[in-house]
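1. Need coordinates for the below:
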Amino acid sequence: MATAIPSIACLGVIGRNNNPLHTSIFPSYDPSTNSFQPVRTPLQFALILSSTLDVFELRSRQNAAAGVGLTGDFGLLHAVDDRLAAYGFETNTGTRFVVIVDMRGRRMDGAVAAGLADSRDKRIAGAATGLREGEMRPVFKAMQVAYIRLMQNPFFDPDEHSPPAGQGGKKITSRKFGEEMRRIGENWTPGVTNL
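-> The predicted structure is shown next:
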């Protein structure tokens, strides 16, 4: 018997002018076909990422009205449906990181799940019920480190990727950055503290 645990379905980086900079999509486990494939199309993920901008804006306004200047972990932005949930993080420069989690995206063998239930990592075996606060922090930290490394590249022009509002912008095409996003998305599981 296989147990399904959460996995990352999509990682998104959104520029300070609400322009998409990078999107990585990951396959999820489909029990009906016993295979791995994305749960949504790239267009559907783009629309989900765009819908998170409204939540970022709303929370920023609420924090400004309360006199709190909040950047950092915004936590759960919204539950897309019974399977997908979007989590967000905003840097102090206005760049936003979004993680879309598939609550049933990774297959775990029943014997492994039973073994974990007896070990100190019970939170992985019980992850099908949801994620704890802070489960995304290692993902956001790793994404931020990868983004900072990209910014430190002397050949990367950040202004090219974050033009004034309404003028579009280029997506991040760095192979190394893409590989790092892929590594983060593939290696995260509930309970991981360092990526």
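2. check contacts around the residue nearest to Pro138 when sequence neighbours are not counted.
-> Residue nearest to Pro138 in three dimensions, not counting chain neighbours: Leu195, with 5.0 Å by Cβ to Cβ, 6 or more residues apart in numbering. All C-beta atoms are positioned from the backbone trio N, CA, C, and that covers glycine. Applying Cβ atoms under 8 Å, 6 or more residues apart in numbering to Leu195 gives the contacts 138-139, 141-142, 183-184, 187-188.
3. do you know how far Leu195 is from Leu53?
-> Distance of Leu195 to Leu53, given as Cβ to Cβ, to the nearest Å: 25 Å.
4. again with Asp102
-> 21 Å.
5. pLDDT value on the residue nearest to Pro138, please?
-> Looking at Leu195, its pLDDT is 81.
6. Who does the residue most central in space within the chain form a beta bridge with?
-> Centroid-nearest residue in the chain: Val99, 1.4 Å away (criterion: Cα atoms, centre = their mean). Taking DSSP bridges, one finds Leu11, Tyr87 as the beta-bridge partners of Val99.
7. Which pLDDT value does the model give it?
-> 96.
8. Count the residues that sit near Asn18.
-> For Asn18, the neighbour count with other Cβ atoms under 10 Å is 16.
9. my bad, should have said Pro190
-> 21.
10. Val145 versus that one, what's the distance?
-> 21 Å.
11. How about Thr23?
-> 19 Å.
12. Show me which of those two is the more surrounded one.
-> Thr23 (19 against 13).
13. residues touching the spatially closest residue to the more buried one that is not a sequence neighbour, list them.
-> Once flanking residues are discounted, Thr23 sits nearest to Gly12: 5.1 Å by Cβ to Cβ, 6+ apart. By Cβ under 8 Å, 6+ apart, the contact list for Gly12 reads 20, 22-24, 45, 49, 52, 97-100.
14. Report the buried residues of stretch 178-188.
-> By 16 or more other Cβ atoms under 10 Å, the buried positions in stretch 178-188 come out as 180-181, 184-185, 188.
15. need the residues you listed in a markdown table with secondary structure, distance to Thr91 and pLDDT, can you?
-> Shown next, in a markdown table, are the buried residues of stretch 178-188 (DSSP: H, G, I helix; E, B strand; the rest coil; distance: Cβ to Cβ, whole Å; pLDDT from 0 to 100):
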| residue | secondary structure | distance to Thr91 | pLDDT |
| --- | --- | --- | --- |
| Glu180 | helix | 16 | 96 |
| Met181 | helix | 16 | 96 |
| Ile184 | helix | 16 | 96 |
| Gly185 | helix | 19 | 94 |
| Trp188 | coil | 19 | 93 |
